[in-house]
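Chemist: Fold the following and give me the result.
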Amino acid sequence: MPAQTSLAGLRVLDCTHVIAGAWCSMMLADLGADVVKIEPPAGEVTRGHPKSRFKAFDFVNRNKRAIAIDLSKPEGAAVIRRLAKTADIFVENYRPGTLTKMGLSYADLAVINPGLIYCSVSGFGLDGPYADRGGFDLIAQGMSGIMSFTGEPGAERPVAAGVPLSDLNAGTFAALAVLAALNHRHQTGEGQHVETSLLETALAYTIWESGLYLTTGEVAKPQGSRHRLAAPYEAVKTGDGFIVIGVNNQRLWERFCDAIEAPQLLTDPGYANPRERIAHRDALRDQIEAIFAAATTAHWVERLQAKGVPCGPINTIDQALADPQIAARGLLAEVGDRRFIRAPMGFSRTPVTITRGVAALGEHNAEVLVEAGFTVAEIEDLIAQGAIADASKEDA
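Modeler: Presented below is the predicted three-dimensional model:
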């Protein structure tokens, strides 16, 4: 018998596209919610070319059912309003005002279902001078300040984080907001409108840099892989590559010097305490790298770990996915012939589960609409009007 899941019994209407909103609803799906992905009849652009092996769509939309509806048609928007009557959560990330024109705003759906939790993810928020702007991860990384202090010191061009952290962070905060609203509804019976934005959630990640400025007025600059408040805390060269080390207190500094057999570093007054090590971090790194050049990354990882010093190799993505710790934690889930990274949360009673792969465009049209009380004749009329896709033709 399948294990009970945390959000079992909850229905989510996923009216999203691209990454942020879809990531939010996928987290809810991994926690057991029944998520219905709503796409236009032509399919979401991230599905890519039919003959392409990699489709970005797949990795933020697994574990969901899929329906294809033309929201620009009144009949299509009416379908969503009917589905919303029995939904618990509605997630959207259209540009603010777009769904209002279709009669699908929070105010519209709350009349139909007062207990509905309506979640909006946008580029800049639902109000303010930038509310009407379209938002992308790169823009949010730039405007939040993140790109101004990412990369190596003195680099000619600014650098973005290697992952779409603004998108993913917005989706994660959106899911957190939904769960908080669910608890409120449990206590009061009231639904509500929750929202977040790429810009705000990117800014939320600047905890050290914004804290530094708000406290001292200092504007953060690029530090490469270095920590702003500790040294040595960075990537350093070894005999065959790089290792990352994290020495953030005096106790670890003493262990580090012992592990690499460098008593001269421990007694050097220039490295006597954290403040001195930060002030002389360039010279410190040079001396460490001179020592590390004599052996491999694997050698130094073993030596440092034996002394309890936090460290690790810099893995490529294939190495990261093959890491025995990832296997032991069960982070990779298999569905059919596909593998996915599940939501990284552990529960003693209600485990994270992936029960579905990636649904085909409009695959669950009939199934979802029948559950909502549509008759076969009504579904055929909607197909004839072009309000929903004909799934039989999509499969052909």
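
Chemist: And stretch 342-349, what's buried?
Modeler: If you call a residue buried by 16 or more other Cβ atoms under 10 Å, then stretch 342-349 has these buried ones: 342, 343. (Glycine included, C-beta is placed from N, CA and C.)

Chemist: quick one: contacts of that stretch?
Modeler: Here stretch 342-349 makes contact (Cβ atoms under 8 Å, 6 or more residues apart in numbering) with 4, 6, 26-27, 30-31, 330-333, 352-354.

Chemist: Tell me the gap between it and the middle of its chain.
Modeler: Here stretch 342-349 is found 16 Å from its chain centre; the criterion is Cα atoms, centre = their mean, to the nearest Å.

Chemist: same deal with stretch 207-216?
Modeler: 24 Å.

Chemist: same check, this time on stretch 163-180
Modeler: 6 Å.

Chemist: do the same with stretch 232-241
Modeler: That offset, for stretch 232-241, works out to 28 Å (Cα atoms, centre = their mean).

Chemist: Let's see which of the contacts of stretch 342-349 end up in helices.
Modeler: 26, 27, 30 (DSSP state H).

Chemist: Out of these, which is nearest to residue 99?
Modeler: Of all the ones in helices among the contacts of stretch 342-349, residue 26 has the smallest distance to residue 99: 20.3 Å, by Cβ to Cβ.

Chemist: burial of the residue lying closest to that closest one once chain neighbours are set aside, as a residue count?
Modeler: Leaving aside its sequence neighbours, residue 26 sits nearest to residue 60 (Cβ to Cβ, 6 or more residues apart in numbering; 5.5 Å). Neighbourhood size, residue 60 [other Cβ atoms under 10 Å]: 24.

Chemist: Which residue ranges of the stretch 51-200 of the chain form helices?
Modeler: 74-84, 106-112, 137-143, 165-188, 198-204 (DSSP state H, counting those that start in this stretch).

Chemist: ranges for the helices of the stretch 251-396 of the chain?
Modeler: Under DSSP H, counting those that start in this stretch, the stretch 251-396 of the chain gives helices at 263-267, 274-279, 281-292, 297-306, 317-321, 324-329, 365-371, 376-384, 391-395.

Chemist: Outline the domain layout of this protein.
Modeler: Using automatic domain parsing, the domain parsing of the chain gives 11-205+328-395, 233-313.

Chemist: who wins for proximity to residue 221 among these?
Modeler: Per Cβ to Cβ, nearest to residue 221 of those: domain 11-205+328-395, 5.9 Å.

Chemist: Tell me the secondary structure at the closest residue to residue 153 other than its chain neighbours.
Modeler: Residue nearest to residue 153 in three dimensions, not counting chain neighbours: residue 222, with 5.2 Å by Cβ to Cβ, 6+ apart. Secondary structure for residue 222, judged by DSSP: H, G, I helix; E, B strand; the rest coil, is coil.

Chemist: again, but for residue 218
Modeler: Three-state call for residue 218 (three-state DSSP): coil.

Chemist: need the contact list for the nearest residue to it once chain neighbours are set aside.
Modeler: Distance criterion Cβ to Cβ, 6+ apart; nearest residue to residue 218, sequence neighbours excluded, is residue 212 at 5.4 Å. Applying Cβ under 8 Å, 6+ apart, we find residue 212 in contact with 218, 220, 228.

Chemist: Drop anything exposed from those.
Modeler: Of the contacts of residue 212, these count as buried by 16+ other Cβ under 10 Å: 220, 228.

Chemist: Return the item of the contacts of residue 212 having minimum pLDDT.
Modeler: The weakest per-residue confidence within the contacts of residue 212 falls on residue 228 (90).

Chemist: Apart from its chain neighbours, what residue comes closest to it?
Modeler: Excluding its sequence neighbours, the residue lying closest to residue 228 (Cβ to Cβ, 6+ apart) is residue 208, at 5.5 Å.

Chemist: Count the neighbours of that neighbour for me.
Modeler: There are 13 residues near residue 208, going by other Cβ under 10 Å.

Chemist: For it, which residues are in contact?
Modeler: Neighbouring residues of residue 208 by Cβ under 8 Å, 6+ apart: 220, 228, 229.

Chemist: Redo the residues you listed as JSON lines? Include distance to residue 119.
Modeler: Converted to JSON lines, the contacts of residue 208 look like this (distance: Cβ to Cβ, whole Å):
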{"residue": "220", "distance to residue 119": "32"}
{"residue": "228", "distance to residue 119": "34"}
{"residue": "229", "distance to residue 119": "35"}
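
Chemist: The residue nearest to residue 26 and residue 24 touch, don't they?
Modeler: No - assessed by Cβ atoms under 8 Å, residue 60 is found out of contact with residue 24, at 9.3 Å.
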